[in-house]
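In: 3D model of this:
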Amino acid sequence: MNRPSTAKRIRQNATKARRNRAILSELKTRLKAVRVALDARDLKTAAALLPPVASSLGRAASKKIITKARASRTTGRLAKRLHQLSASAS
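Out: Presented below is the predicted three-dimensional model:
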């Protein structure tokens with residue numbers, strides 16, 4: 001039998017794992033929506049979706065679900081693609 005503190009830690013870890021998995025799943029869904037819009041060259045939709053995605057990436061990084069470097073790199077790459085497409089469109 002686990003000690004009470006160990007049992008509590010096991011419960012806490014399970015709760016955090018569920019929360020982290022849900023946040024990561026939602027983040028992947030949002031990222032996919034932006035990438036699909038960029039692939040379809042739908043600049044208006046991509047531009048509207050990018051700020052909330054960047055915010056979600058930052059929030060996930062602050063909660064240590066993903067690294068700060070990954071959040072920054074992903075945000076930068078998406079912004080770069082959007083900028084390149086908008087420059088080539090005009």
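In: mean confidence score for the helix or strand containing residue 87?
Out: Assigned by DSSP states H and E, residue 87 falls within helix 68-89. Taken as a whole, helix 68-89 carries a mean pLDDT of 95.
In: What residues of it count as buried?
Out: Within helix 68-89, the residues that count as buried by 16 or more other CB atoms under 10 Å are 71, 74-75, 78, 81-82, 85. Quick note: C-beta positions are derived from backbone N, CA and C, even for glycine.
In: want to throw the residues you listed into CSV with distance to residue 62?
Out: Rendered in CSV, the data for these read as follows (distance: CB to CB, whole Å):
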residue, distance to residue 62
71, 9
74, 15
75, 13
78, 19
81, 24
82, 23
85, 29
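In: Which single one of these is nearest to residue 38?
Out: Relative to residue 38, the closest of those is residue 81; by CB to CB it sits at 5.2 Å.
In: Contact partners for the closest one?
Out: residue 38 (CB atoms under 8 Å, 6 or more residues apart in numbering).
In: That one and residue 25: what is the separation?
Out: The gap separating residue 81 from residue 25 is 23 Å, by CB to CB, to the nearest Å.
In: can you give me the mean pLDDT across the longest helix along the chain?
Out: Using DSSP state H to define each element, the chain has its longest helix at helix 4-39. Here the mean pLDDT over helix 4-39 is 96, rounded to a whole number.
In: Run the chain-centre distance for that helix.
Out: 10 Å (CA atoms, centre = their mean, to the nearest Å).
In: What are the buried residues along that helix?
Out: 23, 27, 30-31, 34-35, 37-38.
In: On the C-terminal side of that helix, identify the next helix or strand.
Out: The helix or strand immediately downstream of helix 4-39 is helix 43-62, counting by DSSP H and E.
In: coming back round to it: just flag the most distant two among the buried residues of helix 4-39.
Out: The span of the buried residues of helix 4-39, defined through CB to CB, is set by 23 and 38 at 22.7 Å.
In: For stretch 82-90, list the C-alpha coordinates in PDB.
Out: Extracted C-alpha coordinates of stretch 82-90, given in PDB (Å, rounded to 0.1, in the frame of the first residue of the first chain):
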ATOM      1  CA  LEU A  82       1.700  34.300 -43.500                       C
ATOM      2  CA  HIS A  83       4.000  37.200 -44.200                       C
ATOM      3  CA  GLN A  84       5.500  35.500 -47.300                       C
ATOM      4  CA  LEU A  85       2.100  34.600 -48.700                       C
ATOM      5  CA  SER A  86       0.700  38.000 -48.100                       C
ATOM      6  CA  ALA A  87       3.800  39.600 -49.800                       C
ATOM      7  CA  SER A  88       3.500  37.300 -52.800                       C
ATOM      8  CA  ALA A  89      -0.300  37.900 -53.000                       C
ATOM      9  CA  SER A  90       0.100  41.600 -53.300                       C
END
